[in-house]
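A.B. asks: Next come a sequence and a model predicted from it.
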Amino acid sequence: MMIDAFPPGVILVLGGLVLPFASTQIRYAIILLLPLYVLWSVWQIGDGIQLALPFLEYELAVVKGDALSRIFATVFAIMAFAGGLFALKQEQVAELAAAFVYAGSAIGVAFAGDLITVFIFWEIMALGSTMVIWAARTPESYKAAMRYLMIHLLGGVILMIGVIAHVADSGSITFQAMTPNSIGTWLILAGFLINAGAPPLTAWLPDAYPEGSFSGTVFLSAFTTKTAVYVLLRGFPGIEILIYIGVFMIFYGIIYALLENDMRRILSYSIINQVGFMITGIGIGTEMALNGAAAHAFTHIIYKALLLMSAGSVMFMTGGKRKCTDLGGLFQSMPITCICGIIGALAISSFPLTSGFISKSMIAQAAGDENLFFVWMCLAAASAGVFLHAGIKFPWFVFFQKDSGLRPKDPPWNMQAAMIFFAILCIGLGVAPGPLYDILPFSTNYVPYTVPHVVNQLQLLLFAGLSFFLALPLMKRTLTISLDWDWFYRKFGVWLVGFLTRGIVEMRRDVFAGLKGLVDRIISLAFSSHGPDGLFARTSAVGASVAVIVVMLMILVVAFYTNV
Amino acid sequence: MSATLSAHLPALQVVLPLIAAPFCVILRKSAAAWFIALVFSWVSLGISIMLLEQVLTHGPISYLLGSWPAPWGIEYKVDKLSAFIMLIVTSIGSITMIFAPKSVNLEIPKDRVYLFYTMYLLTFAGLLGITITGDAFNLFVFLEISSLSSYVLISLGSERNALTAALRYLILGTVGATFYIIGVGLMYQMTGTLNIADLAERLPEVAETRTILVALGFVTVGIGLKLGLFPLHVWLPNAYAYAPSVVTAFLAATATKVAVYMLLRVYFTIFGTDIFAALPIDEFLLVLGLIAIVTMSGVAIYQNNAKRLLAYSSVAQVGYMVIGISMVTATGLTATILHLFNHAMIKGALFLALAAVFYRIKSVKIDDMAGLGKEMPYTMAAFVVGGFSLVGVPLTVGFISKWYLILGALEKGWWPVAALILFSSLLAVIYFWKVIEVAYFKPRPESADTVSDVPLSMLIPLWVLVGANIFFGTNSNLTVSTAMGAAKALIGGAP
């Protein structure tokens, strides 16, 4: 047993548990001050094991610090603060309580020095995030949360078998870099990837996240996937298969985001796309790439939260409107939300002088350094795609496009303050990346602002932007899928992209329908045997029960006789 | 004085509740009977703790009743395993007794309340007797004491169904006890002894005879019946569903545990691990255990009565324990023994929560529990935490059991078994969720009366058990080391 520090994540979890019982004033104080205290305490954690506790037959390294842990814990704490500020007046206190538990356990994972501690916080995180989704208190959110919970419990189960098998194999619970060379490590990798939103279980993310409340989705976007990025960074750096998984996610996210109409679902698909960049970086595995993945996770949390805050503000002020087709022209009445949204959109598009530029370019640079030409090409093409789906599509359709006739005002001060804070961070990190580079896991002297970098990126963005407006009629069609889908394909039947995307959509629909049919069949089969009147649940006559007893006895005796 | 007294603790452990029972009949007053039951439960808990301490520091205790030397006289034997089981039985008994009076007065007619406490004390004494005795026939005697009194306890339930449930249990339970005694008789015929240690010594010589094989068959099926081993569990769901709430909580948390203890004793102490190599018992247990965890969890999903739901869940949980036994490894047995304790805490808490629900709304039908999350927040919160523990969420005792069970399975290379165990824990999420969904996400029907949470005299014992789920889930030292020591002693390794 060794106690040199109290785990910062647990402070936040406990704070969250207190929230529902606190008076309004105290609640505000906790929401605003506790994350800052946690942020401070994150930086009091020195290198090495700081808190070791006995559990089962093992010594858990509950808190183990190093640069990688600290950078993730830092951004999680910042996120908890800004998210709390944004959601300060949320009427569902349960949502904030759950969000703090969720954020706290994410910080817990970031400092976990052994696999058991990782698993423990992992499970608490799943419960916390499910509660966040529920707190939206709509029938859709209830069902989505249920599906979300089942997927994550399944992921937890896979992770747990993996951890136990790995511990049984190696005798060590230490959480360190592994190679997937045994069933145990493969299962651990699979468990991690499920939380990252990797294929084939990708659909949980865009299914569940948009169902959160206006503020709940902001929290959801930050922790689960980025914790998965963190554990992959620590556990499986440089595993080649991650490159392909990452590239797949990048394009999956882009294609679906382009087809989507719901603004928060667009941003959810874009999370998959962005996490794809990070996982590609982890797969490349050089110091530059890992630095890039960590830095990108840091900046991504901030600008994605900013985008979702802006979307959440729109939703909040328009009484729950989420569809691009219902929105438009809001820049006139919501200038601050609009500007912050645009800053977030620029950052996610890696516009020079924003935070996205200084982080994503590191991953591309690493791919280039390793002569992974194919990967580098994919990343470059994807950068343009990101600009299309998130960088232009989101702000254009929500704030400009047509005049929807809506005149909502900017949201209350606390929501504005949270957005402005994150907008400043997006620009600040883009202009002066030094402080972020200083806390990266490996020391770096990477210079983002070189002439080729900037010119290259600007060219990409320029052409992507151009193509967006050229293809605007096309983009608009995709917004009214239910009405014009057939017409669209008859007219543009030879259009390759359209053809491909339709194929994917249909294939997914078929697979889902098939799966659903299978599940329904299994359930009805199970009901006939397990239901109240089924074979297994009937209250049978005593005589029949005694017959069963005698048969059991005979089976045993015969089995014994034949064995001796 | 204290030295002589502490030397006689094993006898006192059984004798005290046995003597206390008739006093309840003599006094006939509900309150007095309750007080006696309460005091003697707590005294027994104290004795259990002292015995466990003695065993942990000085090793197994052998106590000769009336100073007649074994194997002629009856010997009481306390080792880590029996001390641990007694701790389970007495702690559950003590806590349920605090909880009991209000619930019992509501559910049992006033003129029969003293009978409840009498029968409770007899069951209690019988269970402790089974655990402590070192004599196979004496074990049968205590088995009958605990069984007969528990039939009465179940028949005290307020619905008429309780009578048929008790009768069914009476018939099947008697078959089980008879099978056990037939098995013991056959063993006696071949070895001429009833003392367990003596049996263990003499059995190997005759182990291959058909008489002993038949004996093993009878004993296995007999104990399997008391255990609720699938498919011998058919008495259990109705008995649990229709018994008075407190009875269900007590029996679910203790009776099946003691039956598992009997199974462990017979297999590992009397017959020894060699029988698993010679006979397909382990395969038999594994198959039944696996069927139990999957099908019984599946059945639980479709139940509409929360007590019946948990009863089926108990049959499934017995499956986990049996799977642990079937591994025949120290880890597997550790998992089983740990789960005895952990499951007692889990089911004790869950059934007490349902008892509290029944106390307020006079029903444990899941549909009737709509909206209770708001109206009975502390009770339902206890149910939620208990459910987390049942599913095996980290930081609860359920996780500890699951960990060792999976570890045991993977040590043997049983990947599909590990996967099935975890799959069935997902089924547990579903059936446990059914209750939560109704209680938290459905509004209370307009026609229903508003209810408030139960009084502290019920909430405190309930939350003590819930707290135990968390406490032993995070400080698993005592339970894990004791279970591991007991498992190693059973498997024949280092003590």
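C.D. replies: Great, that's in hand. On a predicted model such as this, the values are computed, not experimentally measured, just so you know. Numbering: from 1, shown residues only, chains lettered A, B, ... in the order given.

A.B. asks: for the closest residue to chain B within the stretch 1-150 of chain A, helix, strand, or coil?
C.D. replies: Among all residues of the stretch 1-150 of chain A, A:Ile120 sits closest to chain B, at 3.9 Å; criterion: C-beta to the nearest C-beta. For the C-beta atoms, the positions are set from N, CA and C on the backbone; glycine is no exception. What DSSP: H, G, I helix; E, B strand; the rest coil gives for A:Ile120 is helix.

A.B. asks: got the contact list for A:Leu17?
C.D. replies: Contacts for A:Leu17 (C-beta atoms under 8 Å, 6 or more residues apart in numbering or on different chains) come out as A:97, A:101.

A.B. asks: Would you agree it falls within a helix?
C.D. replies: Yes. Counting by three-state DSSP, A:Leu17 is located in a helix.

A.B. asks: Next one: it, what pLDDT does it get?
C.D. replies: We have a pLDDT of 90 for A:Leu17.

A.B. asks: From B:Val214, how far out is it?
C.D. replies: 58 Å (C-beta to C-beta, to the nearest Å).

A.B. asks: repeat for A:Phe468
C.D. replies: Relative to B:Val214, and taking C-beta to C-beta, A:Phe468 is found at 83 Å.

A.B. asks: can you check A:Gly48 too?
C.D. replies: Applying C-beta to C-beta to A:Gly48 and B:Val214 gives a distance of 63 Å.

A.B. asks: Grab the nearest non-local neighbour of the residue of the stretch 1-150 of chain A closest to chain B.
C.D. replies: B:Pro394 (3.9 Å; C-beta to C-beta, 6 or more residues apart in numbering or on different chains).

A.B. asks: Give the helix, strand or coil label for that neighbour.
C.D. replies: coil.

A.B. asks: okay, now A:Asp326: neighbour count?
C.D. replies: 15 (other C-beta atoms under 10 Å in any protein chain shown).

A.B. asks: need the contact list for it.
C.D. replies: Counting by C-beta under 8 Å, 6+ apart, A:Asp326 has contacts A:Ser404.

A.B. asks: Look up the pLDDT of it for me, please.
C.D. replies: On the pLDDT scale, A:Asp326 gets 79.

A.B. asks: right, and the helix or strand after the helix or strand hosting B:Ala259?
C.D. replies: Under the criterion of DSSP states H and E, B:Ala259 resides in helix B:245-264. Counting by DSSP H and E, the next helix or strand C-terminal to helix B:245-264 is helix B:274-278.

A.B. asks: Briefly note if that following helix comes near chain A.
C.D. replies: Yes. Using C-beta under 8 Å from any C-beta of the partner chain, we find that helix B:274-278 touches chain A at B:Ala278.

A.B. asks: from the middle of its chain, how far away would that helix be?
C.D. replies: 27 Å (C-alpha atoms, centre = their mean, to the nearest Å).

A.B. asks: Which residues does that helix contact?
C.D. replies: So helix B:274-278 is in contact with A:563-564, B:204, B:207, B:216, B:267, B:281-282, B:328, going by C-beta under 8 Å, 6+ apart.

A.B. asks: next one: stretch A:256-265
C.D. replies: By C-beta under 8 Å, 6+ apart, the list of residues contacting stretch A:256-265 reads A:206, A:209-210, A:217, A:266-267, A:269-270, A:272-273, A:308, A:311-312, A:314-315, A:322-325, A:327, A:385, A:388-390, A:393-394, A:397-398, A:475, A:478-481, A:501, A:505.

A.B. asks: Tell me the spacing between the closest residue to B:Met376 other than its chain neighbours and chain A.
C.D. replies: Spatially, and ignoring its direct neighbours in sequence, B:Met376 is nearest to B:Asp453 (4.7 Å; C-beta to C-beta, 6+ apart). Distance, B:Asp453 to chain A, by C-beta to the nearest C-beta, to the nearest Å: 16 Å.

A.B. asks: ok, B:Val466 - contacts?
C.D. replies: B:349, B:382, B:385-386.

A.B. asks: try 10 Å
C.D. replies: The neighbours of B:Val466, taking C-beta atoms under 10 Å, 6 or more residues apart in numbering or on different chains as the test, are B:345-346, B:348-350, B:352-353, B:378, B:381-386, B:388-389, B:396, B:459.

A.B. asks: tell me which element it falls in.
C.D. replies: helix B:456-474.

A.B. asks: pretty sure A:Ser221 is touching A:Tyr269, no?
C.D. replies: No. Look at A:Ser221 against A:Tyr269 with C-beta atoms under 10 Å: they stay out of range, at 11.7 Å.

A.B. asks: which neighbours do the two share?
C.D. replies: A:205, A:209.

A.B. asks: pLDDT weak spots in the chain?
C.D. replies: All of this refers to chain A. Chain A contains residues with pLDDT under 70 at A:1-2, A:474-513, A:516, A:532-540, A:564.

A.B. asks: looking at chain B here, not the other one
C.D. replies: In chain B, residues with pLDDT under 70: B:1-3, B:493-495.

A.B. asks: Could you verify my assumption that B:Leu156 touches B:Phe116?
C.D. replies: Yes. Counting by C-beta under 10 Å, B:Leu156 touches B:Phe116, with 5.8 Å between them.

A.B. asks: any shared contact partners between these two?
C.D. replies: B:104, B:107-109, B:244, B:246-247.

A.B. asks: If you rank these by neighbours, which is first?
C.D. replies: Going by other C-beta under 10 Å, B:Val247 tops the shared contacts of B:Leu156 and B:Phe116 with 32 neighbours.

A.B. asks: Quick one: residues contacting the closest residue to A:Ile336 other than its chain neighbours.
C.D. replies: Excluding its sequence neighbours, the residue lying closest to A:Ile336 (C-beta to C-beta, 6+ apart) is A:Asp410, at 4.8 Å. By C-beta under 10 Å, 6+ apart, the contact set of A:Asp410 is A:313, A:317, A:330, A:333-338, A:340, A:416, A:419.

A.B. asks: hmm, try it at 6 Å
C.D. replies: Residues near A:Asp410 by C-beta atoms under 6 Å, 6 or more residues apart in numbering or on different chains: A:334, A:336-337, A:416.

A.B. asks: again, but for A:Pro395
C.D. replies: By C-beta under 6 Å, 6+ apart, the neighbours of A:Pro395 are A:341-342, A:345.

A.B. asks: Among the contacts of A:Asp410, which one sits closest to B:Leu45?
C.D. replies: A:Gln416 (60.2 Å; C-beta to C-beta).

A.B. asks: Would you state the secondary structure element containing the closest residue to that closest one other than its chain neighbours?
C.D. replies: In this structure, A:Gln416 finds its nearest non-sequential neighbour in A:Ile336, 5.4 Å apart by C-beta to C-beta, 6+ apart. Using DSSP H and E, A:Ile336 sits in helix A:335-348.

A.B. asks: what's that helix packed up against?
C.D. replies: If you count contacts as 3 or more C-beta pairs under 6 Å, 6 or more residues apart in numbering or on different chains; DSSP states H and E, helix A:335-348 packs onto helix A:287-318, helix A:355-369, helix A:393-399, helix A:413-431.

A.B. asks: what angle do that helix and helix A:355-369 make?
C.D. replies: 10 degrees (axes from the mean of the first three to the mean of the last three C-alpha atoms, to 10 degrees).

A.B. asks: Can you give the distance of helix A:335-348 from its chain's centre?
C.D. replies: With C-alpha atoms, centre = their mean, you get 21 Å for helix A:335-348.

A.B. asks: Phi first, then psi, for the residue lying farthest from the centre of chain B.
C.D. replies: Among the C-alpha atoms of chain B, the one farthest from their average position, using C-alpha atoms, centre = their mean, is that of B:Glu446, at 39.5 Å. Main-chain torsions, B:Glu446, degrees, to the nearest 10: phi -60, psi -40.

A.B. asks: for the residue nearest to B:Lys488 when sequence neighbours are not counted, what are its contacts?
C.D. replies: Nearest residue to B:Lys488, sequence neighbours excluded (C-beta to C-beta, 6+ apart): B:Ala330, at 5.3 Å. B:Ala330 sits next to B:487-488, B:491 when contact means C-beta under 6 Å, 6+ apart.
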